[in-house]
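Colleague: have a look at this prediction, sequence included:
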Amino acid sequence: MSTQIILRVLAQRHRLRQRDRWTRWQLEEYQGRALRLLREHAFERSPFYRHFHKGFTDRSLKNLPVLTKEMVMEHFDELVTDRAIRLADVEAHLATLSGGDELFNGRDRVASTSGSTGRRGLFLWDPDEWATVLTSYNRSFDWAGVGAGLTHRTRMAVVSSTTPWHQSARVGASVHSPWVPTLRLDSGDSLESIVERLNAFQPKVLVAYASMAHLLAEAQLAGRLHIAPGFVFASSEIFTEQARRRVEEAWDEKPFEVYAATEPAGIASGCEQHKGMHLFEDLVVTEVVDENNKPVPPGVYSAKVLVTVLFSRTMPLIRYEMSDSVRLAASPHCPCGRPFALIDGIQGREEDVL
């Protein structure tokens, strides 16, 4: 990890830890201010948003038009706020990725969705935005109590995607550090190979797609896998109750669930209380809505979510539509005292997993 990235991540990590101690009023005040700055930036610097939000500048967020991935890609050159960025150049850069921490135009990181729900989406982040992406994932570890740093090395295994253009691979290339020895395995490899390498590595932290966490728990219970992680994180896919029980049975540890996607990065994560997942409301405004983009009440699954990424500047994402079906918790309060709202279920995911 470069010195510049380390310094940016440390600074942002400090800010996020302070926000964990905010009151709900402080969070909402910050959210309103950050949203106003985002909208002003997008309207001023993006030709697309000057047209898309024309006549809406005095409207609240819930009254703005909805942005889709198809619209993002169709109007890519007009949507980005750097007039020198062109979609053709970004696509050419994406084709050259080989798994390192390559930069587009010497500055930005680029990742792509696979296009499993239609046309693939390309997204990019400047250095400050990328530091926030990295910190959003690190927040899950902080909340779980994982200790890692210059004085405490933590062996971590990540079973996700090693495809170079995938965001998880891009994050892995950026955070490579001797202080957190990390084994990165592709979930597409054979289970036998994954089990063999995990046995040899003996991680103290295991991060995996939810379905893979379930398979690894079954392998542990069957006596093929022999690891003793102190922390298990399940991400990106639906984490069934059966999978949750098997993980806890295999390692005698309650797993932590992480909700993330390529476009906004980290969206929500569980904490030490295991009462659901806290939305990262200081980073992403997540609207839980029905088919007509109207809010659904707590305890009811949504038809989709609309995300507004408060830190996005290179590619502003305001009311960006994702097809995930999630449920706000009936009780918004968590004993941990953090001010962020809770979701307690994800029952449908059509978007690309991380």
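Modeller: Structure received.
Colleague: now the helix or strand of the chain with the lowest mean pLDDT: how far from the chain's centre is it?
Modeller: Within the chain, confidence by mean pLDDT, DSSP states H and E is lowest for helix 167-175 among all helices and strands, at a mean of 86. Offset of helix 167-175 from its chain centre (Cα atoms, centre = their mean, to the nearest Å): 12 Å.
Colleague: show me the contact partners of that helix.
Modeller: By Cβ atoms under 8 Å, 6 or more residues apart in numbering, the residues outside helix 167-175 that reach it are 1, 5, 99-102, 109-111, 130, 133-134, 137, 158, 160-164, 182, 184, 262, 265, 354. C-beta: built from backbone N, CA, C; applies to glycine.
Colleague: try it again at 7 Å.
Modeller: The contact list for helix 167-175 (Cβ atoms under 7 Å, 6 or more residues apart in numbering) reads 1, 5, 99-101, 109, 111, 130, 134, 137, 158, 160-163, 184, 262, 354.
Colleague: cool, stretch 222-229 as well?
Modeller: So stretch 222-229 is contacted by 195, 198, 199, 202, 203, 204, 205, 206, 216, 219, 251 (Cβ under 7 Å, 6+ apart).
Colleague: quick one: end-to-end length of that stretch, please.
Modeller: 17 Å (Cα to Cα, to the nearest Å).
Colleague: ok, the residue of the chain positioned farthest from its centre to residue 255 distance?
Modeller: In the chain, the residue that sits farthest from the middle, by Cα atoms, centre = their mean, is residue 223; the gap is 32.6 Å. Distance, residue 223 to residue 255, by Cβ to Cβ, to the nearest Å: 20 Å.
Colleague: now residue 325
Modeller: 21 Å.
Colleague: in terms of neighbours, single out the busier of those two.
Modeller: residue 255 (28 against 19; other Cβ atoms under 10 Å).
Colleague: quick one: residues contacting that one.
Modeller: 213, 232, 233, 234, 244, 247, 248.
Colleague: which residues are in contact with the first one?
Modeller: Taking Cβ under 7 Å, 6+ apart, we find residue 213 in contact with 232, 234, 243, 247, 255.
Colleague: for the longest helix along the chain, packing partners?
Modeller: In the chain, taking DSSP state H as the definition, the longest helix is helix 24-45. Secondary-structure packing of helix 24-45 (3 or more Cβ pairs under 7 Å, 6 or more residues apart in numbering; DSSP states H and E): helix 47-52.
Colleague: could I get the average pLDDT for the helix it packs on?
Modeller: What helix 47-52 shows for mean pLDDT is 98.
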